[in-house]
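[1] can you look at this prediction? I've put the sequence above it.
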Amino acid sequence: MKKLKTLNPDIEIDHIDELYQDEKIDIKAEQEKLLNNDTIIFQFPMYCQNKPHFLCRWFEEVYEYGFAYGKEFKLKDKTATLIAMKNRSLLEILLYYFF
């Protein structure tokens, strides 16, 4: 992650599992982060062909109706990418796909 930050210091990197060790998600703060960025990349390990439980919960709580979907949703001009990892570093994947 440090190498990625050196390539572009404007990149904002969050580890939700570290931010919310008590598993109480600050929904408004997370939504604000999404609104303040044009491109959102979700990187996570694959567990039994699925994403981690806490990430599922994060999506359920943060991506609420009217914000992430619905008639007048706020994320319509954003680009999102999902990167499910198995035996690769995030830096390797981002360098391959984006640089």
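    Received it, and whenever you're ready, just let me know what you need.

[2] does the spatially most central residue of the chain count as helix, strand or coil?
    Centroid check for the chain by Cα atoms, centre = their mean gives Phe42 as the closest residue, at 3.4 Å. Assigned state for Phe42: strand (three-state reduction, DSSP: H, G, I helix; E, B strand; the rest coil).

[3] ranges for the helices of this protein?
    2-7, 16-19, 27-35, 53-62, 90-98 (DSSP state H).

[4] now those in JSON lines, with distance to Lys76?
    For glycine as for every other residue, the C-beta is placed from the backbone atoms N, C-alpha and C. Shown next, in JSON lines, are these (distance: least, Cβ to Cβ, whole Å):
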{"stretch": "helix 2-7", "distance to Lys76": "27"}
{"stretch": "helix 16-19", "distance to Lys76": "23"}
{"stretch": "helix 27-35", "distance to Lys76": "11"}
{"stretch": "helix 53-62", "distance to Lys76": "16"}
{"stretch": "helix 90-98", "distance to Lys76": "22"}
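
[5] count of residues packed around the closest residue to Lys78 other than its chain neighbours?
    Counting by Cβ to Cβ, 6 or more residues apart in numbering, Lys78 lies nearest to Ile40, which is 6.1 Å off, once chain neighbours are set aside. Look at Ile40: counted by other Cβ atoms under 10 Å, it has 14 neighbours.

[6] quick one: contacts for Ile40?
    Contacts for Ile40 (Cβ atoms under 8 Å, 6 or more residues apart in numbering) come out as Leu34, Lys78, Thr79, Ala80, Thr81.
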